[in-house]
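Undergrad: Quick one, structure for this:
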Amino acid sequence: PAHCVHQRLDARFEDYGWQRPDCYPRPGESNQDAINREAVTVRTRAGVFDNSPIGKLEVRGPDTAEFLNRLYINNVLSLAPGRARYGLMLNENGVIIDDGVCTRLDDAHFLVNTTSAGARRIHDWMERWLQCEWRNMQVQIEDVTAQWANFTIAGPNAREVVFALGCSVDLSDDSLPHMTAACGTIAGLDTRILRVSFSGELSFEVNLPARFAAGFLETVLQAGMEHGIAPYGIEALMV
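TA: The predicted structure follows:
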């Protein structure tokens, strides 16, 4: 949903199931130089990554915890509301078929993040179990991948960037420790905030309605300018 902003930033796009920014070369900069600069920026200052294509499945109902516990190799039953856990999904042969973060929003409401190319496949797989094998389970699954934008603000200055945007949630380590989630407003927008990191640095994953994505990304880049923020792409994420 923020594709126009990435075009303005001269992103190099590659096909990752979606057309996604691979890196953001500046004038006179090679792709490898851009990747290195973006990785160092996240390590030393702050970066923003558009993770909107990540799969987002809302799973609700009184049997949801037990249902997901049968699909993940991890223990979902022990996950408390407001907490998140990285998990692996296996098929009947014990082969890993997807991975991602599972967040318990309340007792009977979970947000399941899948790989960006796996949302439809995992949604259909879940429905097959509900409709063919576990038909008495009271669970409803909705694919909301396209309804929510997702931006990761990562790096040593990430907290300062989010503060600069205006945030109603206490982002301190005591109030929002690693692998926890909260709902609040950022830049005047209703958001879900997840404290999770794929870089090893301090990181906040911000989910907001997709229609606000382009404006929000522009606002992040503007507010984070004094904190050294820069966009980073898939290649830097892999680093």
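
Undergrad: which helix in this structure runs the most residues?
TA: Secondary structure of the chain per DSSP state H: the longest helix is helix 31-44.

Undergrad: Please save the CA atoms from it in CSV.
TA: Provided in CSV are the C-alpha atoms of helix 31-44 (Å, rounded to 0.1, in the frame of the first residue of the first chain):
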residue,chain,number,x,y,z
ASN,A,31,23.4,-2.1,-5.0
GLN,A,32,25.9,-3.7,-2.7
ASP,A,33,27.0,-0.4,-1.3
ALA,A,34,23.3,0.4,-0.7
ILE,A,35,22.8,-2.9,1.1
ASN,A,36,25.8,-2.4,3.3
ARG,A,37,24.8,1.2,4.2
GLU,A,38,21.3,0.1,5.1
ALA,A,39,22.5,-2.7,7.3
VAL,A,40,25.0,-0.4,9.1
THR,A,41,22.2,2.3,9.5
VAL,A,42,20.0,-0.2,11.4
ARG,A,43,23.0,-1.3,13.5
THR,A,44,24.0,2.2,14.5
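
Undergrad: Would you pull up how far that helix lies from the middle of the chain?
TA: The chain centroid and the centroid of helix 31-44 are separated by 20 Å, computed with C-alpha atoms, centre = their mean, to the nearest Å.

Undergrad: Name the strands paired with the longest strand seen in the chain and say parallel or antiparallel.
TA: Identified as the longest strand of the chain according to DSSP state E is strand 96-106. When pairing is defined by DSSP bridges, strand 96-106 lines up against strand 84-90 (antiparallel), strand 109-114 (antiparallel).

Undergrad: just those strands: most buried one?
TA: Each of these was assessed for mean neighbour count using mean count of other C-beta atoms under 10 Å. The highest is strand 109-114, with a mean of 23. C-beta: built from backbone N, CA, C; applies to glycine.

Undergrad: ok, then the element right after that strand?
TA: The first helix or strand that comes after strand 109-114 along the chain, using DSSP states H and E, is helix 119-128.

Undergrad: Enumerate the positions of that next one that are buried.
TA: A119, I122, H123, W125, M126 (16 or more other C-beta atoms under 10 Å).

Undergrad: Keeping just the C-alphas, turn stretch 174-183 into PDB.
TA: In PDB, the C-alpha atoms belonging to stretch 174-183 read as follows (Å, rounded to 0.1, in the frame of the first residue of the first chain):
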ATOM      1  CA  ASP A 174       9.300  -2.700  31.800                       C
ATOM      2  CA  SER A 175       6.000  -1.800  30.100                       C
ATOM      3  CA  LEU A 176       6.600  -3.300  26.700                       C
ATOM      4  CA  PRO A 177       9.300  -6.000  26.900                       C
ATOM      5  CA  HIS A 178      10.500  -8.100  24.000                       C
ATOM      6  CA  MET A 179       7.800 -10.300  22.400                       C
ATOM      7  CA  THR A 180       4.800  -8.300  23.800                       C
ATOM      8  CA  ALA A 181       2.000  -6.500  22.000                       C
ATOM      9  CA  ALA A 182      -0.100  -3.400  22.700                       C
ATOM     10  CA  CYS A 183      -2.800  -1.300  21.000                       C
END
